[in-house]
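here is my input, please return the structure:
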Amino acid sequence: MRRTRNAKIVATLGPASSDRETVRQMFMEGVDVFRLNFSHGSGSDHRARMALVRTLEQETGRPIGILADLQGPKLRVGTFKDGPVLLVAGQAFRLDLDPAPGSVCRAELPHPEIFAALVPGAELLLDDGRRRLVVERCGKDFAETRVAVGGMLSDRKGVNVPEVVLPLTALTAKDRRDLDLALELGADWIALSFVQRPEDVSEARALIGTRAAIVSKLEKPSAIERLDEIVALSDAIMVARGDLGVELPAERVPAIQKRIVRACRQQGKPVIVATQMLESMVDSPVPTRAEASDVATAIYDGADAVMLSAESASGKHPIAAVGMMNRIIEQVESDPMYRQLVDASHTPAAAGHIDMAEAVCCAMRRAVTLLHAAVIVCYTSSGHTSLRAARERPEAPILTLTPNIGTARRLALVWGVHSVLTADVDDVTQMTTIACATARSELFASAGQTIVAIAGLPFGAAGTTNLLRIATA
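Sure, this is the predicted structure:
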């Protein structure tokens with residue numbers, strides 16, 4: 001089976017989508033990559049869901065990607081002695097390391113790393129930004145603050161520190177255990193939460209190696225300040241608009257989303273737009289018009305994938321949510337304006353990324369346009385060739401032929417790519433014959449149509465894209 005769209009769908013598995021039939025129907029409705037959210041569920045839950053996906057993959061004969069999303073550090077206040085307290089704007093409120101239950105005047109903040117980084121004037125956001133405190137005086141184990149935005153505050157609400165780079169690793173002890181399990185199970189992508197600086201990605205890379213690809217979740221303002229460096233070190237990026245929208249004014253998030261998508265497209269890294277895309281479908285069988293427009297905007301911008309979170313994990317309509325997202329993408333991509341916008345936003349490769357592969361893919365894009373080619377066939381072992389081809393956002397779909405199932409699964413996240421497992425080829429003639437036959441059998445081309453094939457010589461050597469061949473199917 002093949003999708004009739006370029007942008008991909010990532011859907012989160014959870015209590016609402018953990019049985020075989022629901023997972024199968026979600027895939028048939030359009031899911032390309034299934035997400036396992038390690039913030040929720042047990043190891044046995046994730047193991048069972050992974051098994052469902054791999055069984056489905058065997059039944060359908062289609063490579064399916066699996067994204068394991070690590071929780072990252074969770075900063076929270078402690079508990080309150082007499083239940084929720086009412087914070088009033090202008091009142092003093094103390095945060096400290098004392099584990100005693102809090103009151104209307106103070107609360108535990110069991111994170112010495114936060115106190116170490118605070119300075120007078122810094123802001124603390126509580127409960128997803130609904131409550132706001134300004135630091136007046138602080139030390140290594142306390143902060144005296146003034147309430148700027150008040151309201152009710154209850155046990156273990158989250159804390160965000162938007163203006164400070166915290167001396168925290170992105171990988172907690174829990175994350176390291178979850179990472180071991182995800183790699184043991186064979187996850188294709190690892191999503192790294194709480195990325196503040198490039199060093200966070202490097203730390204994860206040292207642990208993961210080549211066993212999985214890394215998606216850096218951009219949810220901290222400090223990460224945006226070093227965007228290009230983080231993109232360069234990552235295999236893909238997720239625009240995590242939930243936390244990003246807490247730590248930054250809501251009106252800034254759309255522009256930052258576009259900036260991130262553009263940076264990823266320039267460097268040829270897949271980018272996922274995530275969080276609250278069809279949020280109302282947690283309860284409703286249809287989305288709001290604003291949500292449909294939100295998904296459409298990400299597609300018009302050229303994002304590789306859009307993601308469902310609670311909509312598919314715990315909502316009442318997980319299959320309908322996938323189907324709706326699929327239809328929105330198809331509708332956008334059938335709009336003549338879509339191709340105009342994608343072409344207009346195309347940029348040359350970033351400095352330092354221009355090489356022979358880049359030249360071949362630029363030529364491929366031009367050849368496809370001039371010859372109205374039906375399909376681009378990429379021979380790749382590592383996926384490098386297909387990633388470069390996708391960076392160009394060509395008019396024709398990208399049919400990837402690879403002997404590596406891991407490569408095929410990872411490419412399920414990438415714009416325009418449809419992967420098929422094949423044996424290695426020995427020469428250009430054999431390559432062309434197989435490319436034409438597969439393009440026909442996978443319904444990408446009819447006899448007599450033009451195909452454009454790209455590959456690297458010698459065959460099987462990663463990162464050697466240096467061949468462009470035009471043939472007739």
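
from here on, just use CA atoms for contacts and neighbour counts.
Will do.

can you give the domain ranges for this protein?
The chain breaks down into these domains under automatic domain parsing: 8-73+170-331, 85-160, 356-472.

of the ones you listed, which is nearest T347?
Minimum separation from T347 across the domains of the chain (Cα to Cα) falls at domain 8-73+170-331, 6.1 Å.

would you work out how far apart the start and end of that closest one are?
14 Å (Cα to Cα, to the nearest Å).

please apply the same query to stretch 245-257.
Counting by Cα to Cα, you get 11 Å between the two ends of stretch 245-257.

from the middle of its chain, how far away would it be?
Mean-position distance between stretch 245-257 and its chain equals 17 Å (Cα atoms, centre = their mean, to the nearest Å).

now swap in stretch 252-271 and tell me
On the basis of Cα atoms, centre = their mean, stretch 252-271 sits 12 Å off its chain's mean C-alpha point.

and if you look at stretch 235-251?
Stretch 235-251 sits 12 Å away from the centroid of its parent chain (Cα atoms, centre = their mean).

helices and strands of the chain: which one has the lowest mean pLDDT?
helix 241-247 (a mean of 88; mean pLDDT, DSSP states H and E).

in that one, what counts as buried?
Within helix 241-247, the residues that count as buried by 16 or more other Cα atoms under 10 Å are R241, D243, L244, G245, V246, E247.

pLDDT wise, what is A351 at?
A351 carries a pLDDT value of 65.

any weak-confidence spans in the chain?
Along the chain, segments meeting pLDDT under 70 span 350-353, 463.

in it, which helix has the most residues?
Identified as the longest helix of the chain according to DSSP state H is helix 43-60.

can you give me the helices for the stretch 1-150 of the chain?
Under the criterion DSSP state H, counting those that start in this stretch, helices of the stretch 1-150 of the chain are mapped to 20-29, 43-60, 112-117.

ok, and what's touching the longest helix of the chain?
Residues outside helix 43-60 that contact it (Cα atoms under 8 Å, 6 or more residues apart in numbering): 13, 18-20, 23-24, 34, 36, 38, 63-64, 66, 178, 181, 185.

return the distance of stretch 59-68 from the chain's centre.
On Cα atoms, centre = their mean, the centre of stretch 59-68 falls 16 Å from that of its chain.

go on, stretch 208-226?
Centroid separation for stretch 208-226 versus its chain: 10 Å, with Cα atoms, centre = their mean.

as PDB, could you dump the C-alpha coordinates of that stretch?
The C-alpha coordinates for stretch 208-226 follow below in PDB (Å, rounded to 0.1, in the frame of the first residue of the first chain):
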ATOM      1  CA  ILE A 208      22.600   5.800  21.800                       C
ATOM      2  CA  GLY A 209      25.300   5.600  19.100                       C
ATOM      3  CA  THR A 210      23.900   4.300  15.900                       C
ATOM      4  CA  ARG A 211      21.200   2.100  17.500                       C
ATOM      5  CA  ALA A 212      18.500   4.700  17.000                       C
ATOM      6  CA  ALA A 213      18.100   8.200  15.500                       C
ATOM      7  CA  ILE A 214      17.600  11.300  17.800                       C
ATOM      8  CA  VAL A 215      14.700  13.700  17.700                       C
ATOM      9  CA  SER A 216      15.500  16.800  19.700                       C
ATOM     10  CA  LYS A 217      12.300  18.300  21.200                       C
ATOM     11  CA  LEU A 218      12.500  22.100  21.200                       C
ATOM     12  CA  GLU A 219      10.500  23.300  24.200                       C
ATOM     13  CA  LYS A 220      12.900  25.700  25.900                       C
ATOM     14  CA  PRO A 221      13.700  29.200  24.900                       C
ATOM     15  CA  SER A 222      17.400  28.600  25.500                       C
ATOM     16  CA  ALA A 223      17.300  25.900  22.700                       C
ATOM     17  CA  ILE A 224      15.900  28.400  20.300                       C
ATOM     18  CA  GLU A 225      18.900  30.700  20.900                       C
ATOM     19  CA  ARG A 226      21.200  27.900  19.700                       C
END
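
alright, I will stop here.
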